[in-house]
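**Q** Output the structure for:
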Amino acid sequence: MAIKVLTPMTIQEEFALKVLQTNRKDKVMRFAPLIVLIVLVLLFSAFLGTSFASAANFTAILNQLAIPLMVALGLTFVIMLGSIDLSIDGTIGMAASFLAVLVLNNNNDFDMGFGAVLIALGASIVVGLLIGTIHVYLRIPSFMVSFAFMHICRGVGLMSYGGQRPMILDETIRALPTTFFMGIPFITWVSLTVLLICIFIQEFTAFGRYIYAVGTDETVLKAVGVSANAVKIKVFALAGFCFGMAGILAAIRNPLAGGVGVVGTGLMFPAQAAVGAGGTALMGGKGGVVQTIVGVLIITVLENGLLIMGVNPNIRTGIQGLIILAAVALTVARNAKVISK
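**A** This is a model prediction of the structure:
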């Protein structure tokens, strides 16, 4: 009987095998979130019937995903860098507070109309610029800088209304939550519009390619004369814009609760779960806003289905934690020396 002798692979063959294995994993990661979403929809439809699979619940899901989608879009670009932004809850609460105290309300005589939206957005963008600048030039990890700004923004938001939570009285704003176009809520249309803008930035601009480059290997940008630091600062500013928009939408949705203690609380965790569930690598350089759409749908459908089933809110939060853990386990590079930039 002939004995088969195994010859060792050459360096070229080992490299080719590693590339093949990486490509296979990438393909699985690309389609796995979509498969998970389809399975969730089928399972909830089978177990809950028309309580879940109905036009009314579909509209409810669209309404529920508007604000999480806005938050997740901003966070996606930051995570694509290989960084993290923990200022989400504070920035959202601050933006909502600014809008509530600057439009017609029961706390003061301000009535700035659309100007209040610009001020709230501008303040959120400034927060993002500050986080990015401090992170880049003082070389402080992004999670530490953004964590500090989460508390700073909360404090600024509370100071804006002096502890007495404002109630929005502007009739136009109060009518927006119940405004629909083509059966889709107004605030969902706003989120979808920002989504299209983010897709354009990511897919059709040099800036979008630079974001991928920073997440993969920022020395490549330096080699072609592009400032990686400038890209990072702009990304944090873009994230600030998205978080500010989320705060404005949150205040519009609930005009009776325009304060930091109500608006913005608990939005960071679901956003992180959505970005991870969608397949954006937490080490940076892979994924994007299209994947985040699927991730947000997974989290929203899961939350909606469990809510209809009457599952304890703490259990729902625990499930989101498991999703984040699974996303990290599947996307993190085990041999990396730096987990978050």
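**Q** For the rest of this, base every contact and every neighbour count on C-alpha atoms.
**A** Noted.
**Q** For residue 54, grab phi and psi.
**A** Phi and psi for residue 54, reported as degrees, to the nearest 10, are phi -140, psi 160.
**Q** Strands along the chain, start to end?
**A** Taking DSSP state E as the criterion, the chain carries its strands at 180-181, 184-185.
**Q** Redo the ones you listed as TSV? Include mean pLDDT.
**A** Converted to TSV, the strands of the chain look like this (pLDDT from 0 to 100):
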stretch	mean pLDDT
strand 180-181	86
strand 184-185	88
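**Q** Deepest in the core, which of the ones you listed is it.
**A** Highest mean neighbour count among the strands of the chain (mean count of other CA atoms under 10 Å): strand 184-185, with a mean of 18.
**Q** Contacts made by it with the rest, please.
**A** For strand 184-185, contacts defined as CA atoms under 8 Å, 6 or more residues apart in numbering pick out 59, 62-63, 177-179.
**Q** can you rerun that using 7 Å?
**A** Under the contact criterion CA atoms under 7 Å, 6 or more residues apart in numbering, strand 184-185 has outside partners 59, 63, 179.
**Q** Partner strands of that strand, with direction?
**A** Its sheet considered, strand 184-185 pairs with strand 180-181 (antiparallel) by DSSP bridges.
**Q** quick revisit: which one, of the strands of the chain, ends up nearest to residue 83?
**A** strand 184-185 (32.5 Å; CA to CA).
**Q** next one: the closest one to chain centre, how far?
**A** Distance of strand 184-185 from its chain centroid, counting by CA atoms, centre = their mean, to the nearest Å, is 20 Å.
**Q** Ok, stretch 40-53 next?
**A** 26 Å.
**Q** Report the rounded mean pLDDT for stretch 114-126.
**A** Average pLDDT, stretch 114-126: 93.
**Q** Please apply the same query to stretch 249-257.
**A** The average pLDDT within stretch 249-257 is 79.
**Q** quick revisit: just the buried residues of the contacts of strand 184-185.
**A** Of the members of the contacts of strand 184-185, the ones counted as buried by neighbours, 16 or more other CA atoms under 10 Å, are residue 63.
**Q** still on that earlier bit, nearest to residue 77, of the strands of the chain?
**A** With respect to residue 77, and counting by CA to CA, the nearest of the strands of the chain is strand 184-185 at 25.6 Å.
**Q** can I get the contacts of strand 184-185 in a markdown table with pLDDT and distance to residue 109?
**A** Below are the contacts of strand 184-185 laid out as a markdown table (pLDDT from 0 to 100; distance: CA to CA, whole Å):
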| residue | pLDDT | distance to residue 109 |
| --- | --- | --- |
| 59 | 88 | 36 |
| 63 | 89 | 31 |
| 179 | 86 | 27 |
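**Q** In helices, which of the contacts of strand 184-185 appear?
**A** If you go by DSSP state H, those have 59, 63 in helices.
**Q** Flag the shaky bits of this structure, pLDDT-wise.
**A** The chain contains residues with pLDDT under 70 at 1-29, 255-264, 324, 327-341.
**Q** try it again with 50
**A** Scanning the chain for pLDDT under 50 picks out 1, 15, 19, 334-339.
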